[in-house]
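Participant: Mind folding the following:
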Amino acid sequence: MRAIWKGAIAFGLVNVPVKVYSATEDHDISLHQVHNADGGRIRYQRRCEVCGEVVDYSDIEKAFDEDGRTVVLSKDELKSIPAENSHEIEVVQFVPSEQLEPMMFEKSYYLEPDSKSPKAYVLLRRALEDTDRVAIVQFALREKTRLGALRIKDDVLVLQSLLWPDEVREANFPSLEADIRISAQERDMSAALVESMAADFEPESFTDEYQVQLRQLIDAKLEQGESLDTEETFGVEAGEGGKGEVIDLMEALKRSLDRKRGGGEGASAGGSSEGEADTGDGEAEPAKPARRASGNKASGNKASGTGAASKTAAKTGTDDAKPAAKSSAKSTAAKSTATKAAAAKSPASKSTGTKSADTKSSGTKTAAKPAAKTRTRKPA
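Facilitator: Numbers count the residues shown, from 1 in each chain. Below is the predicted model:
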């Protein structure tokens, strides 16, 4: 690296000589403009509007227009500004780092000790470490007085230039002034999505995909020339990407969570019908008691005698309990008194009637009451 500026940090009465280096660089592939007909290079010329001549850089000065007048400022006049001649990074205060607005950060510079004894440099670095604060500084660089923040990165002092407050625009968007309501479910799902994507920030795990693909395009063009097939190069049609269907917010949150959790839509689509559980062999078996209760209420089985007769059969171990209950119910209206009495004396009927009296099923009670009436009438 090459130092772009030399000066000193003024830390109270302590002077810390430093060299300044650009801490960042542009990794973009450099492209230039050409004429598409013959590939000729397009260059920008510094041409004077008055005489039409191309002007050499050494003959160019800077100027400012105001009220129709042009004020030309020579290089020597600009260098005469006192702040321009300052080579001092003046520490003006120490502040908590969380008070700095990230939007104000402009460019970063490494500071290297510029003396045989870097003790003052290390002392300032230790002071920032011990107090857990950032030094706010003022300095002049490249014809501009700047505000900056002095912090530590990997035992090196880093100077970050800051924008002045009036250089940060105010965000005033009428669309955000409307009364926007967010439901509790939307907030819960968005929080769950954030939690599913939570991780420690590792910058090295990210790649500038555009620059990688631009290099891929250049290499393919060098190899194939004008016969370049971009669809074959990238695997997609030219201009594709970024096209997605418009879905509502809740649906987008649900899909995002499913994708992150690895569940997909099949997790809820394969469930069995209400009140039944799939056994895997094409037949359904009764669901567990908790599900059966909700299923019976939903389907109106509470008023039906079928479920109660099945329960009675299960308790007595008699296979014909359910037919007996149905036969008993029909006999009250269609069969003779003798037939009713015979049905009442049968073991199945007694079992059904006895067990049903303890149950709360309305259908089974209906079957038991007529049998009791038949027994009281027979002696007469």
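
Participant: remind me which residues of the stretch 101-250 of the chain are low pLDDT?
Facilitator: 236-247 (pLDDT under 70).

Participant: Would you map the strands across it?
Facilitator: Listed in chain order, the strands found in the stretch 101-250 of the chain under DSSP state E, counting those that start in this stretch are 105-113, 134-140, 145-153, 156-162.

Participant: closest to residue 174 out of these?
Facilitator: Ranking the strands of the stretch 101-250 of the chain by distance to residue 174, with C-beta to C-beta as the measure, places strand 105-113 first at 28.4 Å. Glycine gets a C-beta too; all of them are placed from N, C-alpha and C.

Participant: could you dump the strands of the stretch 101-250 of the chain to a markdown table with distance to residue 21 and mean neighbour count?
Facilitator: Listed next are these as a markdown table, based on distance: least, C-beta to C-beta, whole Å; neighbours: other C-beta atoms under 10 Å:
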| stretch | distance to residue 21 | mean neighbour count |
| --- | --- | --- |
| strand 105-113 | 5 | 18 |
| strand 134-140 | 15 | 21 |
| strand 145-153 | 13 | 18 |
| strand 156-162 | 10 | 20 |
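
Participant: For stretch 210-218, list every residue counted as buried.
Facilitator: By neighbour count on 16 or more other C-beta atoms under 10 Å, the buried set for stretch 210-218 is empty.

Participant: quick one: contacts of that stretch?
Facilitator: Outside of stretch 210-218, the residues that reach it under the criterion C-beta atoms under 8 Å, 6 or more residues apart in numbering are 27, 28, 29, 230, 233, 234.

Participant: burial count for the first one?
Facilitator: When neighbours are counted by other C-beta atoms under 10 Å, residue 27 registers 7.

Participant: Check the fifth one too.
Facilitator: Other residues within reach of residue 233 by the criterion other C-beta under 10 Å amount to 17.

Participant: sorry, back to before: list just the nearest of the contacts of stretch 210-218 to residue 41.
Facilitator: For these, the nearest to residue 41 is residue 29 (17.0 Å; C-beta to C-beta).

Participant: re earlier: out of the strands of the stretch 101-250 of the chain, which is closest to residue 18?
Facilitator: Closest to residue 18 of the strands of the stretch 101-250 of the chain is strand 105-113 (C-beta to C-beta; 4.3 Å).

Participant: follow-up on the earlier one: which two in the contacts of stretch 210-218 are spaced the farthest apart?
Facilitator: In these, two members sit farther apart than any others by C-beta to C-beta. They are 27 and 230, at 23.2 Å.

Participant: and residue 53, how far is that from residue 103?
Facilitator: As judged by C-beta to C-beta, to the nearest Å, residue 53 and residue 103 stand 44 Å apart.

Participant: possible to save the strands of the stretch 101-250 of the chain as a markdown table with distance to residue 213?
Facilitator: Shown next, in a markdown table, are the strands of the stretch 101-250 of the chain (distance: least, C-beta to C-beta, whole Å):
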| stretch | distance to residue 213 |
| --- | --- |
| strand 105-113 | 27 |
| strand 134-140 | 38 |
| strand 145-153 | 31 |
| strand 156-162 | 31 |
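
Participant: Looking at the contacts of stretch 210-218, spot the one nearest residue 134.
Facilitator: Within those, the smallest distance to residue 134 is 27.4 Å, found for residue 27 (C-beta to C-beta).

Participant: Please name the residues that touch the closest one.
Facilitator: Per C-beta under 8 Å, 6+ apart, neighbours of residue 27: 208, 211.

Participant: Quick check: phi and psi on it?
Facilitator: Backbone torsions for residue 27, taken as degrees, to the nearest 10, come to phi -100, psi 0.

Participant: Repeat that for the one 3 residues further on.
Facilitator: Comment: the main-chain dihedrals of residue 30 come out as phi -80, psi 120, following degrees, to the nearest 10.

Participant: What confidence value was assigned to it?
Facilitator: In this model, residue 30 is scored at 91, pLDDT.

Participant: What's the separation between it and residue 2?
Facilitator: 19 Å.

Participant: now do residue 191
Facilitator: According to C-beta to C-beta, residue 191 stands 49 Å off from residue 2.
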